[in-house]
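**Q** fold the following for me, if possible:
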Amino acid sequence: PEIAKEDRIFYEIVSDIIMQMRQRVGDKAVDIAKSIEDLEIDENSGKVVRIKKSPAKIIALLILKYEKLLGEKVSFALPRPNSRSGRGFGEVSDKTKDYLATVEKNLVVIRKYFE
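**A** A predicted model of the protein is given here:
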């Protein structure tokens with residue numbers, strides 16, 4: 001409740017990333033999160049307590065440090081609409097397709113910036 005409504009989404013995104021990392025590498029994910037200077041987390045639960053600076057920077061650093069630990073790239077690629085693999089979304093509006101394309105472009109820019 002003490003987190004401003006407009007900032008909550010960032011806390012949720014960072015928390016989700018840490019949770020997904022924990023499912024794959026366990027408590028090493030908490031160590032990665034603790035190593036980020038502008039991110040404060042509860043050491044026991046891994047809960048995000050405070051994001052001190054840019055959430056985009058925090059997210060990018062989490063991903064980069066996670067990739068370094070694993071020695072492989074993390075894929076945030078979303079299934080392509082109407083893909084031939086059968087894992088597409090089925091009927092997808094043009095607005096959704098545009099949104100997915102924008103997300104994909106943003107991820108590429110973030111990766112290039114921090115490599």
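**Q** run through the strands of the chain in chain order.
**A** Applying DSSP state E to the chain gives strands spanning 39-41, 48-51.
**Q** so who does the most centrally placed residue in the chain touch?
**A** By CA atoms, centre = their mean, the chain has its centre lying nearest to Ile17, at 4.7 Å. Applying CB atoms under 8 Å, 6 or more residues apart in numbering, we find Ile17 in contact with Ile59, Leu62, Ile63. Using the backbone N, CA and C atoms, a C-beta is placed for each residue, glycine as well.
**Q** isn't the second one right up against Ile36?
**A** Yes: Leu62 sits in contact with Ile36 when judged by CB atoms under 8 Å, with a separation of 6.7 Å.
**Q** so for the two, which residue has more residues nearby?
**A** Per other CB atoms under 10 Å, whichever of Leu62 and Ile36 has more neighbours is Leu62, with 22 against 18.
**Q** excluding residues flanking it in the chain, which one is nearest that one?
**A** Closest residue to Leu62 apart from its sequence neighbours, by CB to CB, 6 or more residues apart in numbering: Ile17 at 5.3 Å.
**Q** against Asp94, how distant is the one you found?
**A** 29 Å (CB to CB, to the nearest Å).
**Q** same question, Glu6
**A** Plainly put, Glu6 is 28 Å away from Asp94 if you go by CB to CB.
**Q** kindly report the same for Lys68.
**A** Distance from Lys68 to Asp94, by CB to CB: 38 Å.
**Q** show me where the protein has its helices.
**A** Secondary structure of the chain (DSSP state H): helices at 5-25, 28-34, 55-70, 94-114.
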